[in-house]
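A.B. asks: Predicted model follows, preceded by the sequence.
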Amino acid sequence: MKITKIGNLALWRTLCAVFALLLILGVAGDAVTKEWSGYINPMLGVSGTRVVNNDDEQVDSIYYKSEFDSYTAVRDNAIAVSKQTQAEGTVLMTNKNGALPLSKGSKVTFLSYSSVDVALGGTGSGAASKVGDRKIDLIKACANKLEVNMTMYNFYKTKLNENHLASNGALTRKEGRGFGGKYVVPEINVSDFTEDVKGSFNDYKDAAIFVLTRIGGEGADLITTSAVTSDASGKYLALSDNEKSVLQAMKDGPFKKRIVLVNTLNAMELGFLDEYNIDACLQIGGPGEAGLDAVADILVGITNPSGKLIDTYAYDSFSSPAMQNFGNYQWTNKDSLNSSTLQTYLVYSEGIYVGYKYYETRYEDAVLGRGSATSDAGVYNSENNWNYAEEVQFPFGYGLSYSAFTQTLNSVSVDEKSKTATVSVTVANAADGVKGKDVVEVYAQAPYTAGGIEKAAIQLVGYAKTADIEPGKSENVEVKVSLKDLASYDEHGAKTYVLEKGDYYFAIGNGAHDALNNVLKAKGASGLKESGDASKAHKWTKNNFNADEYMLSARNRKVTNQFEDADLNYYIKDSVKYLSRNDWKGTWPKDMSGLAATDAMVKELNGYVTDNTAKLPSAYEKGGSDTSKITTGAQFQYPLVTLRGADYDDPAWEQLLNQLTVNDLLELSRQGRPGAPETVTLPETTAIDGPSAWTKGTYLEKYDVKDSKDKVFTKEAFVAYPVEVVIAATWNTPLAGKIGESFGEEGLWGAGVGWYGPAANIHRTPYSGRNFEYFSEDGYISGVLCEAEMQGAQRKGVIPYVKHFFLNDQETNRISACTFSNEQAIREIYLRAFQPTFETTGENDPSCKGVMGAFNRIGLKWTGHHKKLWKNVMEGEWGFTGNITTDFGQNPTGLMEPQLAYEAGTTMFCTSGKSFTDYLKDLVEKDEKLMSNMRESAHRTLYNFANSFAMNGLTSNSKVIKVMTWYNQAFLAIIIISAVITAASAAMVVLQTFFKKED
Amino acid sequence: MEAIKNFLSTKKIGWYISASSALLAIITLIVYCARGGNVYSGISGLAIAMLVVGIVTNLAVLVKDFGVGAFVPFVFYAVTLGVLANTEMLFLSNVLTNIDGNSLDAAWITFAVTLVLTIGTALAACIMNLEKKKA
């Protein structure tokens, strides 16, 4: 056959190769985007489903309504709430000679590099949303309030643009990413100041304001930065040399007042305040996009600060017992473990003595001369033996005001029958001051017997914030205290909560230390050298003891030990000596590095990871292979929306679950994209990172068309709120509820149905990278505020996935570290921070609809596998019926093994993709038990979505259809076009080759 | 030596590019396997299989020019990229959003770069002739 040459062979080969590459990339891109659509869709503001309604239908299908008629109004409200939060969460730590407030119009010089880029919050998934020009910086904040030295400001600004600009346009505070990344302290030495800059000080000398910034973030603890900041003293939470040089210049300069704004997310070492003659200091935390406006208001006295510290500020940030075991610990025999996810551990050998519960308890014992409290164990800053005044600079709960408030303890009435106490306090504002708010902090002391149950000398059990009190006026405040919060968890004896016989003290005070001094005064402690006021303490004697009295949860379920195997002593006898106030020196935590897992531990740990041949972890007992007895794919009868408000046990759920196909069960396992469009009419939903913002996506122009083709997204990012440490420092529970509602409103206006927030882990040490996402070192206030914020969001139909549940209090090895603690500490601190959120005490106190299990292991079990946690504690004791999602990503064979997870109660896997469901599909089709567990998980998921705003816009006649997103359409077009051209050019190549041969 | 000289004397620049493609693919394979996956996903058997087939066909094309045969390894290399794009997506998104404290290690960067170069050189090779026209 003779064929005429058509074109050029090289041309056809090139076309063929290029379009073949396009074809392959198109196919791969299509597959990848389908795999990760749950992650991509919310970022692009698109959805894979659409609701189609009958236009004739006149039914109000907006079950959760917004209070606002435009997204601008929603955002304005969120910013107003943010400002109020910052105004009430800024803590005045010191104010010598009334240095603050400044006169309006004062001429001030802001010092430090951070003054041109105040940190809004931390980094990682909990970072602030991208608010761009909406951010209020110091210049905007100070407009019409203070005259700012722009020579100094512009000097920093120029240096920033020249030398330290990070890729996101901010000041570089972290180099590299992740565990390999290091936090740095960008500061310019005063020797680099120009003459112009130095000369400008004389014109702006009413006050110098130093902005002291430290950040934290996901994936990296602050401790990792030790000795990596070239000019730092070795600790990230201490001053760097350059900062010292600037502070020295501030001290030596012409300034009338020297002020420090502590823009840190973790408890910083502030011992330098005296050294550099600082007159006033404000802890401002991470103010979010609008908070600096409120800070400027405080600087000039428009607002009176009313925040209180939510962590103890020690002179030495390494001085807590928890710091003795923090960081990276690896089993010495890690090679005998089958997965890298089994190889690390962490021991909380400080027991219940976390934060102020350590410092204050040791203080009482020092005053009372017992327990070797004044020994040299744990001395970090004391000149000789341990001395509270030399170790602690600012106690938990401490904070000043521009007003001179006095608090009078009127009465404390204890009602043992209702297990409550009512504390009545009058707060009076001095006549010659300014109006302001104050916080009534109620603490309690339980009787301690040497060698008995460990008890902190003082613990927060209640608080309330006043309204604004005018000068010369007062307000009566009543604080209800639950005696359950005084009860101790007796893990060895009664194996439940107990309230022992003896003398109990209730006390008020400006912080835990003040309250404890009042208790000591009331006790007549002869060793007390500090001042105390016995009239601010009240003794209550409990004359009887019944070990069963406090054993029941709010829903009358017996509370007993569930975490005995979280104690390392369970596996290795006497391996941990928990810190005891009976002997501070003898029990001071030792470094727990160098441990080897026993054979039994190795066997158990290896049992949690999948044997690749059997496709099973040995800890899992597979169910029967006949899955046919589980009904799937039954005829459509109920759309999900018809079960809105139905009880969890309503028989109709069975029918609805029967409608689900196996594929639906698999799809519903995918957190961030659970959808079962046809079978139960559930549109695609999203879940977005928090807790300080809805970090991705933009507002909808209209909120009530979220699933229709008419939806239009704006270009406005959601609001970046002040971080949780600021929320906590407000000590204002209703305000936390308002923040939650504001998050809920933003959810309605396009952010998402699921919100990964709030978070309530504990500030176990000052060095956790993620402390900014958590409230406090104290479990009680964390729990109260977390619940308030959650309820606020939930009132708007959002599902808050409260995280990271639990014992996930550091970033180093957070993925899968075996975390050991004792049951008392677990119950009294770490679970308490979450308990009010998940525990339902009745119709008016609904449980949270979601939770995110943490990456770590509790003892040897990963949280998602911990049946006792999900079934016995969450469901049994607390009545939780919410969705249980894993943390980000999957490792189905090495950590988040799904068979065990479903058996334990986990209901969905965060950001899981098609490869995960393919893996799961292989398993579920041969395992009746797994399918049954997945069906029950689907029940949970659907129950919670039915009662969320995911149902907005749906009626019983609505249809949900699958639609192709624009990027799927684009990939399809690329695939078709490149396939055609590839095929055509390949044909030409073949013909040309044939032609050449013929020729 | 003479045989090698004779063999090489018939080769055009395309052959050398194709040879570098095979070399890069071998480096990719070694580095990818030596790295051993990450916390989210293990080593992809499919990716390795595609890469190995690509290398084998690439070597075959180098030994004996099959005309348009240079197209075959290119396709396998490109498919490898597609497979790895999927398996490494979670890890990559993780790093980019700085969520889990992972970072792009040297081995990851190496195999990503060498794979892209492999595909680029393979693409160039299949556009160009590998051998000089016989007289």
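C.D. replies: All right, it came through fine. Residues are numbered from 1 along each chain as shown, chains lettered A, B, ... in the order given.

A.B. asks: Poorly predicted segments of chain B, please.
C.D. replies: Filtered on pLDDT under 70, chain B yields the residue ranges B:38-41, B:66-68, B:93-103, B:130-135.

A.B. asks: Can you show me the strands along it?
C.D. replies: Counting by DSSP state E, no segments of chain B form strands.

A.B. asks: Can you pull up the most central residue in it?
C.D. replies: If you average the C-alpha coordinates of chain B and look for the closest C-alpha using C-alpha atoms, centre = their mean, you land on residue B:25, 3.2 Å from that point.

A.B. asks: ranges for the helices of chain B?
C.D. replies: In chain B, the segments counted as helices under DSSP state H are B:2-9, B:13-35, B:45-63, B:71-87, B:89-96, B:106-127.

A.B. asks: Could you say which of those helices is packed most deeply?
C.D. replies: Ranked by mean neighbour count, these are led by helix B:71-87 with a mean of 23 (mean count of other C-beta atoms under 10 Å in any protein chain shown). Any C-beta I mention is one placed from the backbone N, CA and C, and that applies to glycine too.

A.B. asks: Need the contact partners of that one.
C.D. replies: If you take C-beta atoms under 8 Å, 6 or more residues apart in numbering or on different chains as the criterion, helix B:71-87 is touched by A:13, A:16-17, A:20-21, A:24-25, A:27-29, A:31-32, A:35, A:915, B:18, B:21-22, B:25, B:32, B:41, B:44, B:46-47, B:50-51, B:53-55, B:57-58, B:61, B:115-116, B:118-119, B:122-123, B:125-126.

A.B. asks: what do you get if the cut-off is 7 Å, keeping everything else the same?
C.D. replies: A:16-17, A:20-21, A:24-25, A:27-28, A:31-32, A:35, B:21, B:25, B:41, B:44, B:46-47, B:50-51, B:53-54, B:57-58, B:61, B:115, B:118-119, B:122-123, B:126 (C-beta atoms under 7 Å, 6 or more residues apart in numbering or on different chains).

A.B. asks: and if you look at stretch A:641-653?
C.D. replies: With C-beta under 7 Å, 6+ apart as the criterion, stretch A:641-653 contacts A:63, A:638, A:656, A:681, A:881, A:939, A:943, A:946-947, A:951, A:954-956.

A.B. asks: Please indicate which of those residues are buried?
C.D. replies: A:63, A:638, A:656, A:681, A:881, A:939, A:943, A:946, A:947, A:951, A:954, A:955 (16 or more other C-beta atoms under 10 Å in any protein chain shown).

A.B. asks: Excluding covalently adjacent residues, which one is nearest to the fourth one?
C.D. replies: Which is residue A:681. residue A:639 (4.1 Å; C-beta to C-beta, 6 or more residues apart in numbering or on different chains).

A.B. asks: One more: the second one?
C.D. replies: Once its chain neighbours are removed from consideration, residue A:638 has its nearest residue in residue A:656; the separation is 4.6 Å (C-beta to C-beta, 6+ apart).

A.B. asks: Next up, the contacts around that neighbour.
C.D. replies: A:638, A:640, A:643, A:680, A:942.

A.B. asks: Return the member of the residues you listed nearest to chain B.
C.D. replies: In terms of C-beta to the nearest C-beta, no member of the contacts of residue A:656 lies closer to chain B than residue A:942, at 26.4 Å.

A.B. asks: and the closest one, what pLDDT?
C.D. replies: In the prediction, the pLDDT value recorded for residue A:942 is 95.

A.B. asks: tell me which element it falls in.
C.D. replies: Following DSSP states H and E, one finds residue A:942 within helix A:928-946.

A.B. asks: The helix or strand just after that helix: which residues count as buried?
C.D. replies: From helix A:928-946 onward toward the C-terminus, using DSSP H and E, the following helix or strand is strand A:959-962. For strand A:959-962, burial by neighbour count (16+ other C-beta under 10 Å) applies to residue A:960.

A.B. asks: does the helix or strand just after strand A:959-962 come close to chain B?
C.D. replies: Once strand A:959-962 ends, the next helix or strand along the chain (criterion: DSSP H and E) is helix A:966-998. Yes - between helix A:966-998 and chain B, judged by C-beta under 7 Å from any C-beta of the partner chain, the touching residues are A:989, A:993.

A.B. asks: I'd like the distance from helix A:966-998 to the chain centre, please.
C.D. replies: Taking the mean C-alpha point of helix A:966-998 and that of its whole chain, the gap between them comes to 52 Å (C-alpha atoms, centre = their mean, to the nearest Å).

A.B. asks: Let me know the angle separating it from helix B:71-87.
C.D. replies: Using axes from the mean of the first three to the mean of the last three C-alpha atoms, to 10 degrees, the direction of helix A:966-998 lies 170 degrees away from that of helix B:71-87.

A.B. asks: Helix A:966-998 versus helix B:106-127: what angle between them?
C.D. replies: Using the same axes, to 10 degrees, one finds that helix A:966-998 and helix B:106-127 are set 40 degrees apart in direction.

A.B. asks: pLDDT on helix A:966-998, on average?
C.D. replies: 85.

A.B. asks: do the same with stretch A:405-425
C.D. replies: Along stretch A:405-425, the predicted confidence averages to a pLDDT of 98.

A.B. asks: ok now that stretch, how far from the chain's centre?
C.D. replies: Between the centre of stretch A:405-425 and the centre of its chain there are 32 Å (C-alpha atoms, centre = their mean).

A.B. asks: quick one: residue A:454 is in a helix?
C.D. replies: No - per DSSP: H, G, I helix; E, B strand; the rest coil, residue A:454 lies outside any helix segment and is coil.

A.B. asks: Once you drop chain neighbours, what's closest to it?
C.D. replies: Using C-beta to C-beta, 6+ apart and skipping the chain neighbours, the partner closest in space to residue A:454 is residue A:352 (5.3 Å).

A.B. asks: for that neighbour, what are its contacts?
C.D. replies: A:454, A:456, A:824, A:825, A:828, A:829.
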